[in-house]
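**Student:** Model the following, please.
(one chain, ligands or ions: 2)
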Amino acid sequence: IFPPELRFAFLKFFNRIFHLFSIYCYFDITEIDGVNTNELYNAVQLYLSSSVSIAGNRLSLTRAVNSSSITFGLSNNDSIVDTFNGVTVLWEHVVTQRQTQTFAWRPLPEEKRGFTLRIKKKDKTLILNSYLDYIMERANEIRRKNQDRLLYTNSRGGSLDSRGHPWESVPFKHPSTFETLAMDPIKKQQIMDDLKDFAQGQLFYQKTGRAWKRGYLLYGPPGTGKSSMIAAMANYLGYDIYDLELTEVHSNSELRKLLMKTSSKSIIVIEDIDCSINLTNRKKNSSNAASQRSFYDAETRNGSGSGGSGEEGGNGNTISLSGLLNFTDGLWSCCGSERIFVFTTNHIEKLDPALLRSGRMDMHIYMSFCNFSSLKILLKNYLGYEEKDINDDVLKEMERVVEKAEMTPADVSEALIKNRRDKEKAIRELLEDLKSRGERSVKDGKLRGGSGNLTELEVVEEQEKRAIDSQNEDEDHDEEEIELEDNICKTRED
Ligand SMILES: Nc1ncnc2c1ncn2[C@@H]1O[C@H](COP(=O)(O)OP(=O)(O)OP(=O)(O)O)[C@@H](O)[C@H]1O
Ligand SMILES: [Mg+2]
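**Tutor:** Ligands and ions are numbered 1, 2, ... in the order given. Below you'll find the predicted structure:
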């Protein structure tokens with residue numbers, strides 16, 4: 001009898017009256033919002049899956065790719081009760097068939113899924129202010145716990161994938177942990193404490209007005225565990241790793257784009273920083289600018305692609321030191337939070353002091369040759385030997401020669417792996433190896449001392465490093481350094 005318009009208007013009116021008197025209000029969180037995936041939907045799903053007070057009795061189980069655990073989810077059109085700060089809310093999972101689509105940029109799933117949140121009107125402010133944030137946070141936590149870490153790389157050289165991401169990722173399964181890492185236990189503990197303080201330091205960073213990030217510079221000879229340390233850090237904190245290949249980045253703006261696409265709670269790594277970018281002293285640069293320029297010219301002529309002007313910032317088609325510095329602590333470096341920058345190098349003396357000054361790299365960590373304490377850790381890792389399992393004399397002998405031998409943990413690991421079936425033989429051969437190397441390095445040391453030339457150079461390097469360090473201390477006292485400088489000097493004296 002009624003025309004459809006009138007009927008519709010009547011229904012709408014009735015609905016409004018109904019809502020006016022209802023004590024509840026409803027929020028819809030749909031899976032797809034326009035063309036974008038709704039992050040909140042996924043978060044709610046994860047969050048509810050961890051919730052125990054499941055009202056319905058049908059659950060859907062999922063196991064994501066790369067994930068090591070199974071998550072429970074709410075089945076279609078099922079509901080669940082949750083409480084937050086004493087307030088009870090009801091979640092309902094709503095699944096409807098989508099009408100046939102005419103045209104879309106991206107094919108949409110056939111089902112339209114979403115959560116409906118029902119809350120009392122009086123609780124609205126509480127819910128909107130903190131409950132949803134809480135859910136996002138919890139979901140991120142669960143995701144990190146369930147999923148193995150991801151390792152990202154920019155090896156594609158600036159091109160983007162179908163979703164506009166410059167980073168490619170693979171599951172990160174490096175087994176290195178702080179427990180297996182062979183280094184001085186005190187130093188190790190310091191680093192672990194520092195990392196923990198950082199991860200839990202949100203309030204501190206907010207209060208002091210600092211960006212929530214921290215920089216570590218790992219330096220030392222090849223094979224002393226710099227990469228292993230990074231893996232251990234990631235495993236310890238549960239962070240993802242972004243392995244930045246600087247040689248694949250062609251401009252400062254590209255570097256910035258890469259940075260913008262990194263997520264919080266991640267470690268951004270630049271390995272062998274002295275090799276991947278021309279980071280020599282800026283003062284020196286200007287003094288031999290001519291030779292610099294010819295170097296760059298030659299490079300452009302060779303068509304290596306990374307050429308261009310040698311000036312910093314130049315015409316923008318080469319990444320420069322200032323670009324890199326901006327990357328680590330310019331305004332853009334704070335576009336996410338809780339980020340760790342790790343640079344590694346084999347030659348700290350080749351780095352520009354600007355990179356070393358405090359606030360940039362908060363902690364300088366020297367990865368040293370194998371000493372007695374790290375040797376014991378390796379023996380335990382590879383042979384399962386505790387101190388008491390090894391003959392006292394052998395142990396004493398090892399302690400005496402290990403520092404002189406200047407073997408890297410990688411060398412020692414190799415020696416142990418080779419004979420891991422025959423542990424006695426492994427110990428015997430390792431000791432032999434240590435002794436012969438120790439003798440050799442003593443001889444070398446004498447030779448070097450005699451020729452004079454090399455040591456002089458080393459002295460200069462050492463002084464340079466000292467200068468940088470003292471400059472750092474003048475500028476900022478809260479810098480923490482745990483380099484074993486004595487260690488370097490000792491080996492040099494030998
Ligand atoms: N401190 C260490 N503790 C345990 N294992 C180590 C340590 N250092 C080296 N190793 C072993 O040696 C191998 C090489 O170490 P790693 O790649 O971490 O060295 P690096 O310092 O990164 O070397 P490079 O400077 O050449 O990159 C690792 O696979 C690891 O097994
Ligand atoms: Mg390495």
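**Student:** Sketch out the low-pLDDT regions of the stretch 1-150 of the chain for me.
**Tutor:** Along the stretch 1-150 of the chain, the model assigns pLDDT under 70 to residues 1-2, 33-37, 51-60, 62-73, 98-110, 146-148.
**Student:** Next up, the contacts around the one residue in it that gets nearest to ligand 1.
**Tutor:** Minimum separation of the stretch 1-150 of the chain from ligand 1 (Cβ to the nearest ligand atom) falls at residue 149, amounting to 16.7 Å. The C-beta positions use only the backbone N, C-alpha and C, and glycine is treated the same way. Neighbour list for residue 149: 171, 172, 173, 234, 235, 238, 239, 240, 241 [criterion: Cβ atoms under 8 Å, 6 or more residues apart in numbering].
**Student:** If we go by neighbour counts, what in stretch 232-249 is buried?
**Tutor:** Within stretch 232-249, the residues scored as buried using 16 or more other Cβ atoms under 10 Å are 232-237, 239-246, 248-249.
**Student:** Nearest to ligand 2, out of these: which one, please.
**Tutor:** Relative to ligand 2, the closest of the buried residues of stretch 232-249 is residue 243; by Cβ to the ion it sits at 10.6 Å.
**Student:** Sort out for me which of the buried residues of stretch 232-249 are in strands.
**Tutor:** 240, 241, 242, 243 (DSSP state E).
**Student:** Could you give the bridge partners of the last one?
**Tutor:** By that I understand residue 243. For residue 243, the beta-bridge partners are residue 153, residue 269 (DSSP bridges).
**Student:** Local confidence estimate at it?
**Tutor:** Model confidence at residue 243, given as pLDDT, is 94.
**Student:** before we move on, what about residue 197?
**Tutor:** pLDDT, residue 197: 94.
**Student:** coming back round to it: can you list the contacts of residue 149 in a markdown table and add distance to ligand 1?
**Tutor:** Below are the contacts of residue 149 laid out as a markdown table (distance: Cβ to the nearest ligand atom, whole Å):
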| residue | distance to ligand 1 |
| --- | --- |
| 171 | 18 |
| 172 | 15 |
| 173 | 14 |
| 234 | 13 |
| 235 | 13 |
| 238 | 20 |
| 239 | 18 |
| 240 | 19 |
| 241 | 13 |
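**Student:** any chance you could map the strands in the stretch 251-400 of the chain?
**Tutor:** Secondary structure of the stretch 251-400 of the chain (DSSP state E, counting those that start in this stretch): strands located at 266-270, 339-345, 363-366.
**Student:** now the stretch 51-200 of the chain
**Tutor:** Using DSSP E, counting those that start in this stretch, the strands of the stretch 51-200 of the chain run over 59-62, 71-74, 79-84, 87-97, 111-120, 150-153, 168-171.
**Student:** looking at those strands, which is buried most?
**Tutor:** Among the strands of the stretch 51-200 of the chain, strand 150-153 has the highest mean neighbour count (mean count of other Cβ atoms under 10 Å), at a mean of 20.
**Student:** any residues touching that strand, and which ones?
**Tutor:** By Cβ under 8 Å, 6+ apart, the surrounding residues in contact with strand 150-153 are 66, 167-172, 240-243, 245, 262.
**Student:** if you set the cut-off to 6 Å instead, what comes out?
**Tutor:** 167, 168, 169, 170, 172, 240, 241, 242, 243 (Cβ atoms under 6 Å, 6 or more residues apart in numbering).
**Student:** Can I get it in CSV, CA atoms only?
**Tutor:** Below are the C-alpha coordinates for strand 150-153, written out as CSV (Å, rounded to 0.1, in the frame of the first residue of the first chain):
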residue,chain,number,x,y,z
LEU,A,150,61.7,-11.0,8.9
LEU,A,151,64.9,-10.1,7.1
TYR,A,152,64.4,-7.3,4.6
THR,A,153,66.7,-6.3,1.8
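**Student:** gap between it and the chain center?
**Tutor:** Distance of strand 150-153 from its chain centroid, counting by Cα atoms, centre = their mean, to the nearest Å, is 9 Å.
**Student:** Check stretch 208-227 too.
**Tutor:** Centroid separation for stretch 208-227 versus its chain: 10 Å, with Cα atoms, centre = their mean.
**Student:** which bits of the stretch 151-300 of the chain sit near ligand 1?
**Tutor:** When proximity is defined as Cβ under 6 Å from any ligand atom, the stretch 151-300 of the chain approaches ligand 1 at 180, 181, 182, 183, 222, 223, 224, 225, 226, 227, 228.
**Student:** just to revisit the earlier point, going by distance to residue 389, which of the contacts of strand 150-153 wins?
**Tutor:** Checking the contacts of strand 150-153 against residue 389 with Cβ to Cβ, the nearest one is residue 172 at 33.4 Å.
**Student:** Please report the distance of the closest one from residue 269.
**Tutor:** The gap separating residue 172 from residue 269 is 11 Å, by Cβ to Cβ, to the nearest Å.
**Student:** Same question for residue 6.
**Tutor:** 67 Å.
**Student:** In contact with whatever residue of the chain ends up closest to ligand 1, which residues are there?
**Tutor:** Of the chain, the residue with the smallest distance to ligand 1, taken as Cβ to the nearest ligand atom, is residue 225 at 2.7 Å. Residues in contact with residue 225 (Cβ under 6 Å, 6+ apart) are 367, 409.
**Student:** Ramachandran angles for it?
**Tutor:** phi 100, psi 30 (degrees, to the nearest 10).
**Student:** Show me what the residue nearest to residue 23 when sequence neighbours are not counted is bridged to.
**Tutor:** In space, and not counting its chain neighbours, residue 23 is closest to residue 120: 5.5 Å by Cβ to Cβ, 6 or more residues apart in numbering. Beta bridges link residue 120 to residue 24 when assigned by DSSP bridges.
**Student:** Can you tell me how far residue 120 is from residue 80?
**Tutor:** 17 Å.
**Student:** same thing with residue 347?
**Tutor:** Distance from residue 347 to residue 80, by Cβ to Cβ: 58 Å.
**Student:** next one: residue 344
**Tutor:** 47 Å.
**Student:** In the stretch 1-150 of the chain, which residue sits nearest ligand 2?
**Tutor:** Among the residues of the stretch 1-150 of the chain, residue 149 lies nearest to ligand 2; the distance is 17.5 Å by Cβ to the ion.
**Student:** no no, the chain
**Tutor:** residue 227 (3.3 Å).
**Student:** Next, count neighbours for that residue.
**Tutor:** Residue 227 has 19 neighbours, counted by other Cβ atoms under 10 Å.
**Student:** where's it relative to residue 410, distance?
**Tutor:** Distance from residue 227 to residue 410, by Cβ to Cβ: 10 Å.
**Student:** Next: residue 222.
**Tutor:** Taking Cβ to Cβ, one finds residue 222 at 8 Å from residue 410.
**Student:** Show me which of these two is the more surrounded one.
**Tutor:** Each of residue 222 and residue 410 has its neighbours counted (other Cβ under 10 Å); residue 410 has more, 17 against 11.
**Student:** Apart from its neighbours in sequence, what residue is nearest that one?
**Tutor:** Using Cβ to Cβ, 6+ apart, the closest residue to residue 410 is residue 223 (3.1 Å).
**Student:** Is that neighbour part of a helix or strand, or is it coil?
**Tutor:** At residue 223, secondary structure determined by DSSP: H, G, I helix; E, B strand; the rest coil is coil.
**Student:** hang on, it packs against residue 412?
**Tutor:** No - the criterion here is Cβ atoms under 6 Å, and residue 223 misses it with residue 412 at 9.5 Å.
**Student:** So between the two, which is more surrounded?
**Tutor:** Using other Cβ under 10 Å, the more surrounded residue of residue 223 and residue 412 is residue 412, with 24 against 20.
**Student:** Tell me the predicted confidence for the more buried one.
**Tutor:** Looking at residue 412, the pLDDT reads 93.
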